[in-house]
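Q: Sequence and predicted structure, then a few things I'm wondering about:
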Amino acid sequence: MAKRVQSETEQTLRFVAKLALFVLILRSFIVAPFSIPSESMLPRLYIGDYLLVAKWPFGYSRWSLPFGVPLLPDLHWATPRRGDVVVFRSPDPASGDTDPAHAPHDVIKRVIGLPGDTIQVRNGQLILNGQAVPRDRIADFVLPLSPNFANCPIGHQQGPPGGAVCRYTRYRETLPGGRSYTVLDTADFPDRDNTGLYSVPAGVVFLMGDNRDDSADSRWAAPQGMGYIPMNRIEGRALVSVFSTDGSASWIRPWTWFTAARPERIGEGF
């Protein structure tokens, strides 16, 4: 019996289906793209940065799949380290909160506290398990204003229109074990520089943004912040920056695809 020859349409559909399955597996279990939508992780991450996120380091759950489709059990095999930059699915909105801005979405923050840790912020300094985390003043962070970063905090903008920059006070924090990173502190929000004492329960982590005065994170419960983040909501660890744009590109002006790029930010690892 002669083998039926597939039509060109059938071949195309089979190829598209195989490609879609490959992309789904790659994105769900190996590596996924993530774009930075806000300034909460300045100075490490700019609005307009594009990253690759490793999906395998900590395990998998329904949140590993696109749209959080509940097809996977919780498969957790590792706990993040303090200092890791992770992507996670934000908690469900507080009961009765219907604001679309508070709907669950992917967020990126830095791991500060692990189960059993105590966390507090006093006068801007992080206190971890009763010990002050070293915080050294370094050179100010200066970021040019651009189409995707035009809202500099009041009092921090300098320079004339067209050449204005935003200047932040910057510190280097060094966690136990030697991992260090830089954080910003505008000193404009005293309540964010002084918090209560948090005791991190089992099964969750305490996350903070590097831009300490402009980050909704574990220092507050939803909807003002995120509260503690369950391990099964962590989708992966930031791996490397692959592209960055200042937001000035336009699809109808191809030359701006190049002038808007920030190549010096490409290839930065975590």
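A: Done, it's in.

Q: Tell me how far the nearest residue in space to Val204 that is not next to it in sequence lies from Ile234.
A: Leaving aside its chain neighbours, Val204 sits nearest to Tyr228 (3.9 Å; criterion: CB to CB, 6 or more residues apart in numbering). In this view, the C-beta of every residue, glycine as well, is placed from N, C-alpha and C. As judged by CB to CB, to the nearest Å, Tyr228 and Ile234 stand 12 Å apart.

Q: Quick check: neighbours shared by those two?
A: Common contacts of Tyr228 and Ile234 (CB atoms under 8 Å, 6 or more residues apart in numbering): Val205.

Q: So for these two, which sits in the more crowded spot?
A: Ile234 (26 against 17; other CB atoms under 10 Å).

Q: what kind of secondary structure is the closest residue to the more buried one other than its chain neighbours in?
A: Sequence neighbours aside, Phe88 is the residue nearest to Ile234 in space, at 4.7 Å (criterion: CB to CB, 6+ apart). Going by DSSP: H, G, I helix; E, B strand; the rest coil, the secondary structure assigned to Phe88 is strand.

Q: what sits against Phe88?
A: Trp63, Asp106, Val107, Ile108, Lys109, Leu207, Ile229, Arg233, Ile234, Glu235.

Q: What helix or strand is the last one located in?
A: With secondary structure defined by DSSP states H and E, Glu235 is part of strand 234-244.

Q: average pLDDT for that strand?
A: Regarding strand 234-244, the rounded mean pLDDT is 96.

Q: Let me know the next secondary structure element after that strand.
A: Assignment by DSSP H and E places the next element after strand 234-244 at helix 256-259.

Q: rewinding a little: run through the bridge partners of the residue nearest to Ile234.
A: Beta-bridge partners recorded for Phe88 (DSSP bridges): Val107, Ile234.

Q: I figured Ala132 was touching Asn123, is that so?
A: No: contact criterion CB atoms under 8 Å: Ala132 and Asn123 do not qualify, at 10.1 Å.

Q: So which of those two has more stuff around it?
A: Ala132 (11 against 8).

Q: Compute the distance between the more buried one and Tyr50, please.
A: 35 Å.

Q: which secondary element of this structure has the worst mean pLDDT?
A: strand 157-158 (a mean of 84; mean pLDDT, DSSP states H and E).

Q: And the most centrally placed residue in the chain, how far from Phe270?
A: Closest to where the C-alpha atoms of the chain average out (CA atoms, centre = their mean) is Ile108, at 1.7 Å. Look at Ile108 and Phe270: by CB to CB, they are 10 Å apart.

Q: picking up where we left off before, in the strand holding Glu235, which residues are buried?
A: Ile234, Glu235, Gly236, Arg237, Ala238, Leu239, Ser241, Ser244 (16 or more other CB atoms under 10 Å).

Q: Cross-check the contact I'm expecting between the second one and Pro66.
A: No: counting by CB under 8 Å, Pro66 is not a contact partner of Glu235; they are 10.8 Å apart.

Q: for the lengthiest helix in the chain, which positions count as buried?
A: The helix that spans the most residues within the chain, counting by DSSP state H, is helix 8-29. Buried positions in helix 8-29, judged by neighbour count with 16+ other CB under 10 Å: Arg27, Ser28.

Q: what's the average pLDDT for the helix or strand following that helix?
A: Moving toward the C-terminus from helix 8-29, the next helix or strand (DSSP H and E) is strand 31-35. On average, the pLDDT along strand 31-35 is 96.
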